Structure formats: C-alpha cells, structure tokens
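A.B. asks: Here is my input, please return the structure:
(one chain, ligands or ions: 2)
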Amino acid sequence: MSLFPIFLKLTGRPCVVIGAGRLAESKIESLRAAEAAITVIAPRAIDAIAERADAGELILRARPYVEGDLAGAFLVVAATDDPAVNRAVFAEATASGVLCNAVDDPPFCDFYFPSVVRRGDLQLAISTAGNSPALAQQLRKELNEQLPLDLGDWLADLGNLRREVVTAEPLNESRRLLLHQLAQRHVCAYDQCPSRLLAREHARTNPIPMEKA
Ligand SMILES: C[C@@]1(CC(=O)O)c2cc3[nH]c(cc4nc(cc5[nH]c(cc(n2)[C@H]1CCC(=O)O)[C@@](C)(CC(=O)O)[C@@H]5CCC(=O)O)C(CC(=O)O)=C4CCC(=O)O)c(CCC(=O)O)c3CC(=O)O
Ligand SMILES: NC(=O)C1=CN([C@@H]2O[C@H](COP(=O)(O)OP(=O)(O)OC[C@H]3O[C@@H](n4cnc5c(N)ncnc54)[C@H](O)[C@@H]3O)[C@@H](O)[C@H]2O)C=CC1
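C.D. replies: Ligands and ions are numbered 1, 2, ... in the order given. Predicted structure coming up:
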C-alpha cells in the first residue's frame, strides 16, 4: 500500500473523537498537540478526558454517537469499543467527505496515526502502513535515543536566522548555498554567533539589487 505522507495544519479545525477511553485519549493528545478544536462524543469518559473538558480544552458530549455528529468536521477518530459503531462513523465520514481513522481497524481508516519523534517543531513521523505498529514504535525509540535533546531549540534559532537571511537577501544560488551552510552549523541566539556573523557578512557582500530592495 502506498500512503501519502503530509503534515496537516489542524489549528482551530473541528475534529471529532467518538469514544472516550484510553485509545481515544492517546489520539486526543496527538490532536491537542496540533491545536485542533476537539469535540468528544461518548456516554462514558475516562477521568483524563473529563478533566480536559472541565478545563475547557475540549468539548465533551456525554451521549452515544448519532448520525449527523460529523457535520462540519474536518476529521474524525472512531475509538469506541463497539466495531459496529466505529464502522457507522466511517460510513458517515465517507458519505460526507470527512477523513476518518477507526482505531485499530485498518479497512475503516482513511489515514493512520504515525509513530512520532518530536523536538519542538521538528517531527519525524514513522509509518509501516499497518504492517507492524510494533516496528514503528521500536524505530521511534531508537531514533529518539539518537536525536539530540536540544534539536528543537537549535531549529528555532536556525529558523529565526533563515528568516533574517531570506528578508535581507535576494533569492539566488548564493542564498541557497548559504542556507545549506547555516544548517550544518550550530546556530545560537548569541549575537556574535559564527553563523550569524557569516549570515551578516554574506548580506554585506551580496546586497539586494536596487530593483528588488
Ligand atoms: C493501522 C493502524 C491504524 C491506527 O490506529 O491509526 C494501527 C493498527 C493496529 N495496531 C495494532 C496493535 C498495536 N499498535 C501499537 C501501537 C501503535 N499503533 C499505531 C498506529 C497504528 N496502528 C496504525 C498503523 C501504524 C503503522 O504501522 O504505520 C501507533 C504507531 C500510533 C498510534 O496509535 O497513535 C502506535 C505506536 C505509537 C508509539 O508508541 O510510537 C502496538 C504496540 C503496543 O501497544 O505495544 C500494537 C501491538 C503490537 C503490534 O500489533 O504490532 C493492531 C492490532 C490490535 C489487536 O491486536 O487487536 C492494529 C489493527 C490491525 O493491525 O489490524
Ligand atoms: N486499550 C488498548 O490498548 C487496546 C484496545 N483495543 C480495542 O479498542 C477499543 C477501544 O479501547 P479503549 O479505549 O481501551 O476502550 P474503553 O472501553 O476504555 O472505551 C470505549 C469508549 O467507547 C465509548 N462508546 C461505546 N459505545 C459508544 C457509542 N455508541 N457512541 C459513542 N461512544 C461509545 C464508551 O463510552 C467509552 O468511552 C476496544 O474495542 C478495545 O478492545 C485494541 C487494542 C488495544
């Protein structure tokens, strides 16, 4: 199976989770990390989910799923302990063009949740297309051990520096080479950081042509 890997912007987008047990909670955590606007529908909710509802971090409707609950949703996760309900959710999602993940039921998924290694804005998402979730988890652990802990902070600095360079310099081959060079060095917030000095020197020797300035 050939899956299409993308990173979705979910901020503020309505996402519905049907079911409020342990499995739902792990998906809710992923959706929350992406700042989705989450509505959970389930007659029983575990404490962790009920507490998030009390804190105003998601909306909890304490009742069973009914057809029509997906109106206006961007995506839905069906995580009940009743496969028939999960499949009914998938059917409504398909009919109304909403992306659906029926947890642990691959034929009723439009997308799968990957295993993720995260350092700030840097994310490595691993998929085995359902062939072995255990392998995805094992690879996550191995990569997690290998990736430096400060990689997220470093990326944030590099991003700031890149924005400075992109604002100051015209789009040309020399800018592209500079950005590759900067990505190999340790950028720091310190004003005299070698990467920042290099970027400034580059800006000085490669002024933006007047017509583009
Ligand atoms: C298709 C998919 C659909 C989806 O849920 O999105 C799916 C399906 C199924 N998982 C099953 C089992 C397990 N899943 C895990 C763990 C994870 N499963 C995740 C994703 C996915 N699981 C999607 C494909 C991902 C991919 O491979 O690309 C992860 C990556 C992300 C997440 O869940 O958020 C998360 C690791 C997170 C992490 O730690 O990094 C473990 C490990 C454990 O729990 O110890 C086991 C036991 C070991 C094993 O089976 O390998 C079963 C059988 C259930 C049963 O036995 O009844 C099915 C159903 C089937 O295969 O038919
Ligand atoms: N927890 C686990 O590690 C695994 C669980 N599973 C299966 O995944 C399913 C879900 O697991 P858990 O989250 O642990 O189950 P759970 O039993 O803790 O939660 C089930 C949730 O579904 C809700 N629900 C039931 N009928 C509903 C309906 N008609 N409408 C809306 N919500 C409804 C319940 O209120 C509850 O919140 C179960 O079938 C379980 O067998 C499979 C593999 C591993």
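
A.B. asks: residues of stretch 116-136 that come out buried?
C.D. replies: Residues of stretch 116-136 classed as buried by neighbour count (16 or more other CB atoms under 10 Å): 117, 119, 126, 127, 128, 133, 136. To be clear about C-beta, it is placed using only N, CA and C from the backbone, and glycine gets the same treatment.

A.B. asks: For the last one, give me its contacts.
C.D. replies: What that stands for is residue 136. Neighbouring residues of residue 136 by CB atoms under 8 Å, 6 or more residues apart in numbering: 114, 115, 126, 127, 128.

A.B. asks: Strictly from the record, what residue spans define the domains of the protein?
C.D. replies: 14-113, 151-205 (automatic domain parsing).

A.B. asks: now this protein, which segments are flagged as low pLDDT?
C.D. replies: 185-190, 206-213 (pLDDT under 70).

A.B. asks: Around ligand 2, which positions in it sit nearby?
C.D. replies: 18-24, 41-45, 64-65, 79-82, 85, 103-104 (CB under 6 Å from any ligand atom).

A.B. asks: gap between stretch 139-157 and the chain center?
C.D. replies: From the chain centre to the centre of stretch 139-157 is a distance of 16 Å (CA atoms, centre = their mean, to the nearest Å).

A.B. asks: In PDB, could you pull the C-alpha coordinates for it?
C.D. replies: This file holds the C-alpha atoms of stretch 139-157, laid out as PDB (Å, rounded to 0.1, in the frame of the first residue of the first chain):
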ATOM      1  CA  LEU A 139      12.100   2.700  15.500                       C
ATOM      2  CA  ARG A 140      10.700   5.700  17.300                       C
ATOM      3  CA  LYS A 141      12.500   4.600  20.400                       C
ATOM      4  CA  GLU A 142      15.800   4.100  18.500                       C
ATOM      5  CA  LEU A 143      15.500   7.500  16.800                       C
ATOM      6  CA  ASN A 144      14.500   9.200  20.000                       C
ATOM      7  CA  GLU A 145      17.700   8.000  21.600                       C
ATOM      8  CA  GLN A 146      19.900   9.200  18.700                       C
ATOM      9  CA  LEU A 147      18.400  12.700  18.200                       C
ATOM     10  CA  PRO A 148      20.000  15.400  20.400                       C
ATOM     11  CA  LEU A 149      17.600  16.800  23.000                       C
ATOM     12  CA  ASP A 150      18.400  20.400  22.100                       C
ATOM     13  CA  LEU A 151      17.500  19.900  18.400                       C
ATOM     14  CA  GLY A 152      14.200  21.800  18.800                       C
ATOM     15  CA  ASP A 153      15.900  24.800  20.300                       C
ATOM     16  CA  TRP A 154      18.500  24.700  17.700                       C
ATOM     17  CA  LEU A 155      15.900  24.500  14.900                       C
ATOM     18  CA  ALA A 156      14.100  27.500  16.400                       C
ATOM     19  CA  ASP A 157      17.300  29.600  16.200                       C
END
